[in-house]
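# below: sequence and its predicted model.
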Amino acid sequence: MSKAAAKSPPRAKAIRAWQRMLSGRRLDLLDPSPLDVELEDIAHGLARVARWNGQTKGAHIFSVAQHVLLVEALARAKSPSLDDRLRLAILLHDAAEYVIGDMISPFKAVIGDSYKIVESRLLTAIHVHFGLPAHLPETWVKIIKSADRNAAYLEATRLAGFEDTEARKFFGQPPKFSAAIERDYLTPWPASTAAKRFAERVEKLLGPGFSAASRQPK
């Protein structure tokens, strides 16, 4: 047997499937741990991820952080008695995008299930970290989806150049909302503002029973 034939086959190069966060955490995309989830990383990331692929009006991007705050404000306006845990779930419904970005729906359809699998694993880890059910109750999911569509309608018509008839086709009937919501949530904020407001809102809903350092119950 020749020396060449006797050599072991080359090992496949290991693929890096984790991202290093500014907090120092290394989050594994294939097997994310709730222990590697940090609010500061989520707030920082979501404030820098653009909705609508950045195709919005204004001096700043309309971030995912600002979007989820709008969704929560619309849900709260419609049902003021919503449980704080449900409100927290609303704020975190797009939290996986701090790792994988906000992929527009047409591209998600092209990619298929791979994106959904990674997104689902990340959301499960995030939910567990913040003390929410790993998989949300169907009643919560329906409320979140309804408020999300309402926010999408407003963003589409106020920021993304959609005509009303086109927005109705994709996102349903326009929601009822106050002038204060439009004034406060539909002008894109700087990333630092979006991150701060998102983190503050999450911390308020978590309440005093969670420590700011570890997000674990005291």
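That came in fine, so what should we check first?

# got the CA positions of the biggest helix by length in the chain in PDB?
Assignment by DSSP state H gives helix 138-158 as the longest helix of the chain. What follows is helix 138-158, C-alpha atoms only, in PDB (Å, rounded to 0.1, in the frame of the first residue of the first chain):
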ATOM      1  CA  GLU A 138     -52.600  29.600  21.000                       C
ATOM      2  CA  THR A 139     -54.700  32.400  22.500                       C
ATOM      3  CA  TRP A 140     -51.600  34.500  23.000                       C
ATOM      4  CA  VAL A 141     -50.300  33.700  19.500                       C
ATOM      5  CA  LYS A 142     -53.600  35.000  17.900                       C
ATOM      6  CA  ILE A 143     -53.400  38.200  19.900                       C
ATOM      7  CA  ILE A 144     -49.800  38.800  18.800                       C
ATOM      8  CA  LYS A 145     -50.500  38.000  15.200                       C
ATOM      9  CA  SER A 146     -53.400  40.400  15.100                       C
ATOM     10  CA  ALA A 147     -51.500  43.300  16.700                       C
ATOM     11  CA  ASP A 148     -48.500  42.500  14.400                       C
ATOM     12  CA  ARG A 149     -50.700  42.800  11.300                       C
ATOM     13  CA  ASN A 150     -52.100  46.100  12.600                       C
ATOM     14  CA  ALA A 151     -48.600  47.500  13.100                       C
ATOM     15  CA  ALA A 152     -47.600  46.200   9.600                       C
ATOM     16  CA  TYR A 153     -50.500  48.100   8.100                       C
ATOM     17  CA  LEU A 154     -49.500  51.300   9.700                       C
ATOM     18  CA  GLU A 155     -45.800  50.900   8.900                       C
ATOM     19  CA  ALA A 156     -46.700  50.000   5.300                       C
ATOM     20  CA  THR A 157     -48.900  53.100   4.700                       C
ATOM     21  CA  ARG A 158     -47.000  55.600   6.800                       C
END
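
# got the buried residues for that helix?
Using 16 or more other C-beta atoms under 10 Å as the test for burial, helix 138-158 gives 140, 143-144, 146-158. Heads up, the C-betas are built off the backbone N, CA and C, glycines and all.

# beyond it, next helix or strand please.
Helices and strands here follow DSSP states H and E; after helix 138-158, the next one along the chain is helix 164-171.

# flag every buried residue along that following helix.
167, 171.

# what element comes up after that helix heading to the C-terminus?
Taking DSSP H and E, what comes next after helix 164-171 is helix 179-185.

# so for that following helix, what gets flagged as buried?
Buried, per 16+ other C-beta under 10 Å, within helix 179-185: 181, 185.

# for the helix or strand just after that helix, name the packing helices and strands.
Downstream of helix 179-185, the next assigned helix or strand under DSSP H and E is helix 191-206. With contacts defined as 3 or more C-beta pairs under 8 Å, 6 or more residues apart in numbering; DSSP states H and E, helix 191-206 has these neighbours: helix 39-46, helix 64-78, helix 84-91.

# and the average pLDDT for the second one is what?
Spelled out, that is helix 64-78. Helix 64-78 shows an average pLDDT of 97 in the prediction.
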